[in-house]
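In: need a 3D model of the sequence below.
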Amino acid sequence: MIIIFGGTFVAGVSPYVLKWNEGFLVLGTQFAGGVFLGTAMMHFLSDAQKVFEDLTQKEYPFAFMLACVGYLVTMLADCVISSVFLTQSKKSGHGDDVELEEAEMGKGRGNGVTPQSQHQVHAGSNHHFANVASASSLGDTILLILALCFHSLFEGIAIGVAEKKGDAWKALWTISLHKTFAAIAMGIALLRMIPNRPLLSCAAYSFAFAASSPVGIAIGIIIDATTQGALADWIFAISMGFACGVFIYVSINHLLSKGYTPQKPVQVDTTYFKFLAVLLGVGVIAVVMIWDT
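Out: Numbers count the residues shown, from 1 in each chain. So this is what the prediction gives:
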């Protein structure tokens, strides 16, 4: 418990220290997207489908269906948060920024719009959209943390229900290695979603992620003692399938597609470097899965 908690917590907080490095965030965001995408497809989806095959004889792609549900629920939450915040912005008087910008772009200088007023319109519109994006990112952050904690909880259970001491150490090695990369990716992803969050918030997220596996180990020991393994398998399969969809949505729609926009030009901000970062993230998970239990 101490090993897996300490390693995960330190790895989760570490990207905050490197927040000033623009090149690190540009490539780190793509690396995190690759880690989450690889984790969703190679780890969550495969494990969920394997458990469903053991639990039921009915031939139905339960894991894939739940992954679609997780994706759609995350997308819906994204839409709801954005629309609610947009409505609140309009009520507070900021909703006219978009219309003003469109009028300024359509009429231009013919209506006597000065460069200063153009700048004010653009500034107001950018501020409005930044607020909407921030609200959307907050919802995605909560879903991401919940998905990570559910995942880590059941990985801890795998250690707690190990039949032999050697199996427990093997599971600990595999899960610790995976959680270290996942924690780094989580820290980078949170920096991308909420760039100005305080250190205390960063530590709180990392603490929740790090503590979930030790809690899972304790639950696994209890389950092993009470032999209630079937129920845990059902919960594991359903949560992993759902988490797969959450990870796919976050990795594609927020990390890989949007990426991190540096405030000043950096040498590594090219498509080739970004591709190599995504390739490294997927490759890391592919290698870790060799020892997956």
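
In: apart from its chain neighbours, what residue comes closest to Val284?
Out: Distances taken as CB to CB, 6 or more residues apart in numbering put Phe181 closest to Val284, at 5.5 Å, once the chain neighbours are dropped. C-beta here means a position set from N, CA and C on the backbone, and glycine is covered the same way.

In: so how far is Tyr249 from the one you found?
Out: Using CB to CB, to the nearest Å, Phe181 is found at 20 Å from Tyr249.

In: between the two, which one's more packed in?
Out: Tyr249 (25 against 20; other CB atoms under 10 Å).

In: so who does the more buried one touch?
Out: Counting by CB atoms under 8 Å, 6 or more residues apart in numbering, Tyr249 makes contact with Gly70, Tyr71, Thr74, Met75, Asp78, Asp140.

In: rerun at 10 Å
Out: Going by CB atoms under 10 Å, 6 or more residues apart in numbering, Tyr249 touches 36, 40, 67, 70-75, 77-78, 140, 143-144, 147.

In: tell me which of the residues you listed fall in helices.
Out: If you go by DSSP state H, the contacts of Tyr249 have 36, 67, 70-75, 77-78, 140, 143-144, 147 in helices.

In: among these, which one lies nearest to Ile188?
Out: Proximity of the ones in helices among the contacts of Tyr249 to Ile188, judged by CB to CB, is greatest for Phe36, which lies at 10.2 Å.

In: per-residue confidence at the residue nearest to the closest one when sequence neighbours are not counted?
Out: Distances taken as CB to CB, 6+ apart put Ser251 closest to Phe36, at 3.9 Å, once the chain neighbours are dropped. pLDDT for Ser251: 86.

In: thought Ser251 was touching Ile285?
Out: No. With contacts counted by CB atoms under 10 Å, Ser251 stays clear of Ile285, the gap being 11.4 Å.

In: got the CA coordinates for the host helix or strand of Phe236 in CSV?
Out: Assigned by DSSP states H and E, Phe236 belongs to helix 229-250. This file holds the C-alpha atoms of helix 229-250, laid out as CSV (Å, rounded to 0.1, in the frame of the first residue of the first chain):
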residue,chain,number,x,y,z
GLY,A,229,-15.9,-12.6,-5.9
ALA,A,230,-18.8,-12.7,-8.4
LEU,A,231,-20.2,-9.4,-7.4
ALA,A,232,-16.8,-7.7,-7.6
ASP,A,233,-16.4,-9.2,-11.1
TRP,A,234,-19.7,-7.7,-12.3
ILE,A,235,-18.8,-4.3,-10.9
PHE,A,236,-15.3,-4.5,-12.4
ALA,A,237,-16.5,-5.3,-15.9
ILE,A,238,-19.2,-2.7,-15.9
SER,A,239,-17.0,0.1,-14.5
MET,A,240,-14.1,-0.8,-16.9
GLY,A,241,-16.3,-0.8,-19.9
PHE,A,242,-17.8,2.6,-19.0
ALA,A,243,-14.3,4.0,-18.1
CYS,A,244,-13.1,3.0,-21.5
GLY,A,245,-15.5,5.4,-23.2
VAL,A,246,-14.6,8.2,-20.8
PHE,A,247,-10.9,7.8,-21.6
ILE,A,248,-11.5,7.6,-25.3
TYR,A,249,-13.5,10.9,-25.2
VAL,A,250,-11.0,12.7,-23.1
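
In: from the middle of its chain, how far away would that helix be?
Out: Relative to its chain's centre, helix 229-250 lies at 15 Å (CA atoms, centre = their mean, to the nearest Å).
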